[in-house]
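[1] here's my sequence, what's the structure:
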Amino acid sequence: MTPDFVRQCVSAPAHETFLYTGEARCDKVLGILSVSRDDRIVLCHVDPKSFRKGIGTALWRTYLKACTPTLTHVDAPLPSVNWFLGKGFTLDAATFLLH
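    Model prediction:
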């Protein structure tokens, strides 16, 4: 994920974007969740130094309170699949590539 991609997601008028800065550290964004108007999660990222501290869950809860998703789609990288399954997502398909 590049800084340009994050900038594009945050500034896109067709997206709802939620940032998590933490209570004590407002100088750095620790997590970001950006959702398109058609309920596709286009960006869900937590600073690797802040993994497993509830930041992704806090972003998810904020999104659920602010929006009324009917069916949300996400193309999740393999390390995050269990997190999404824990939030009630179901696995629709898996793509395997041999390089």
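
[2] residues in contact with the residue nearest in space to the middle of the chain?
    The centre of the chain sits closest to residue 44, judged by Cα atoms, centre = their mean, with a distance of 2.0 Å. The neighbourhood of residue 44, defined by Cβ atoms under 8 Å, 6 or more residues apart in numbering, consists of 32-34, 56, 59, 74, 80. For the C-beta atoms, the positions are set from N, CA and C on the backbone; glycine is no exception.

[3] now name the helix or strand holding it.
    With elements delineated by DSSP states H and E, residue 44 resides in strand 40-46, which encompasses its position.

[4] after that strand comes which helix or strand?
    Counting by DSSP H and E, the next helix or strand C-terminal to strand 40-46 is helix 55-66.

[5] ok, back up a step: nearest to residue 89 among the contacts of residue 44?
    Comparing these against residue 89 with Cβ to Cβ picks out residue 74 as the nearest, at 7.0 Å.

[6] in contact with the closest one, which residues?
    For residue 74, the contact set (Cβ under 8 Å, 6+ apart) comprises 40-41, 44, 84, 89.

[7] dump these to CSV, plus distance to residue 63 and pLDDT.
    Formatted as CSV, the contacts of residue 74 follow (distance: Cβ to Cβ, whole Å; pLDDT from 0 to 100):
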residue, distance to residue 63, pLDDT
40, 12, 75
41, 9, 78
44, 9, 83
84, 13, 83
89, 13, 84
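
[8] quick one: the helices in this protein?
    Remark: helices of the chain, listed N- to C-terminal, are 3-11, 55-66, 81-86; assignment by DSSP state H.
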